[in-house]
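Novice: need coordinates for the below:
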Amino acid sequence: MAKLPFKVGAGTVKVFSKEELSQYVSNPLYLVVLGEVFDVTTGERFYAKGSGYHCFIGKDNSAAFHTGKFNETQEDIRGLNAQAIA
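Specialist: Predicted coordinates for the structure are as follows:
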């Protein structure tokens with residue numbers, strides 16, 4: 001299982017499995033880009049279920065984030081060039 005780091009306090013890092021991360025789709029709302037976890041709960045109107053960016057919540061959907069193809073869930077970023085993910 002891949003684990004993702006998340007800073008939860010001064011010097012403290014939380015690492016999530018995919019299964020753990022999938023639990024954060026309502027409150028709190030966690031968005032992952034390139035393995036970095038962001039708590040976007042304060043932007044609930046953009047990220048809650050039914051909103052345009054909900055496809056990014058509770059999983060790493062980095063490729064869609066960078067390509068703009070929000071209807072595709074794709075964690076594998078190997079097809080993106082360095083400029084696309086910079």
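Novice: please, where are all the strands along this protein?
Specialist: 3-9, 12-17, 30-33, 36-39 (DSSP state E).
Novice: worst average pLDDT in these?
Specialist: The minimum mean pLDDT among the strands of the chain belongs to strand 3-9 (a mean of 55).
Novice: helices or strands up against the longest helix along the chain?
Specialist: Secondary structure of the chain per DSSP state H: the longest helix is helix 62-67. Applying 3 or more C-beta pairs under 8 Å, 6 or more residues apart in numbering; DSSP states H and E, we find helix 62-67 packed against strand 30-33, helix 82-85. Quick note: C-beta positions are derived from backbone N, CA and C, even for glycine.
Novice: ok, now which ones touch Asn27?
Specialist: By C-beta atoms under 8 Å, 6 or more residues apart in numbering, the residues touching Asn27 are 41, 44.
Novice: distance-wise, check it relative to Lys49.
Specialist: Separation of Asn27 from Lys49 (C-beta to C-beta, to the nearest Å) stands at 11 Å.
Novice: and Thr42, by the same measure?
Specialist: 16 Å.
Novice: got it, and Val32?
Specialist: Counting by C-beta to C-beta, the gap from Val32 to Lys49 is 17 Å.
Novice: these two: who's more crowded?
Specialist: Val32 (23 against 10; other C-beta atoms under 10 Å).
Novice: quick one: the more buried one and Tyr24 touch, right?
Specialist: No: counting by C-beta atoms under 8 Å, Val32 does not reach Tyr24; the two are 9.5 Å apart.
Novice: looks like Arg45 contacts Ser51 (just checking).
Specialist: Yes: with contacts counted by C-beta under 8 Å, Arg45 reaches Ser51, the gap being 6.6 Å.
Novice: which one of those two is surrounded by more residues?
Specialist: Neighbour totals were compared for Arg45 and Ser51, and Ser51 leads with 14 against 9 (other C-beta under 10 Å).
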